[in-house]
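1. need a structure here:
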Amino acid sequence: MNETLYILMRSDMNSMTPGKACAQAAHAANHAAVNMSKMGAGVDGPGFVLWQAQTDQYFGTTIVLRVTSEQQLVDMVTEAVFFGYSGDIILDPTYPVRDGDVTHLIPVHTCGWIFVGDRTDLGTNVLGIKKLPLY
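-> Predicted structure coming up:
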């Protein structure tokens, strides 16, 4: 099975601690699962069903990769969607940023996701996913 959920995590944010990155990856995976489930028999629907069937716990291969900026994140997800893949950018409306004794909750694009169904080789080559390092 080649179905893979790629999560693209921003690495240019000093505030993105390992714990925050884990939380953002969970947000992205949940967002992807809900959106892919809604597609049913849509373009990636069958691939998503196969992805879920990879384990008895209803999740498949998920790889978190590093992007170096918000612009790279937006460009990669936009290109993936243009080529017919499912994907989206995660906007955390209350991302916490600490400033001294004060924590500000601001909206930030933290990460994104791209689902590559049975077109893994094409997707990873065309979209440049193979060039990204692991997070």
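
2. Could you pull out the helices in this structure for me?
-> 18-39, 45-52, 70-82, 120-126 (DSSP state H).

3. Can I get these in JSON lines including mean neighbour count, mean pLDDT and distance to Cys111?
-> The way it works is simple: take the backbone N, C-alpha and C, and place the C-beta from them, glycine included. Output for the helices of the chain, formatted as JSON lines (neighbours: other C-beta atoms under 10 Å; pLDDT from 0 to 100; distance: least, C-beta to C-beta, whole Å):
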{"stretch": "helix 18-39", "mean neighbour count": "16", "mean pLDDT": "91", "distance to Cys111": "5"}
{"stretch": "helix 45-52", "mean neighbour count": "19", "mean pLDDT": "83", "distance to Cys111": "19"}
{"stretch": "helix 70-82", "mean neighbour count": "17", "mean pLDDT": "94", "distance to Cys111": "7"}
{"stretch": "helix 120-126", "mean neighbour count": "15", "mean pLDDT": "60", "distance to Cys111": "18"}
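
4. Now render those helices as CSV, adding distance to Met9.
-> Converted to CSV, the helices of the chain look like this (distance: least, C-beta to C-beta, whole Å):
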stretch, distance to Met9
helix 18-39, 6
helix 45-52, 19
helix 70-82, 9
helix 120-126, 17
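
5. which one of the ones you listed lies closest to Pro96?
-> Nearest of the helices of the chain to Pro96, taken as C-beta to C-beta: helix 18-39 at 7.9 Å.

6. For that closest one, name the packing helices and strands.
-> strand 4-10, helix 45-52, strand 61-67, strand 86-99, strand 102-116 (3 or more C-beta pairs under 8 Å, 6 or more residues apart in numbering; DSSP states H and E).

7. Could you identify which of those is most buried?
-> Highest mean neighbour count among those (mean count of other C-beta atoms under 10 Å): strand 4-10, with a mean of 24.

8. That strand pairs with which strands, parallel or anti?
-> The strands that strand 4-10 pairs with in its sheet are strand 61-67 (parallel), strand 102-116 (antiparallel) (by DSSP bridges).

9. so what pLDDT did the residue of the chain most remote from its centre get?
-> In the chain, counting by C-alpha atoms, centre = their mean, Asp101 sits farthest out from the average C-alpha position, at 31.6 Å. The per-residue pLDDT reported for Asp101 equals 96.
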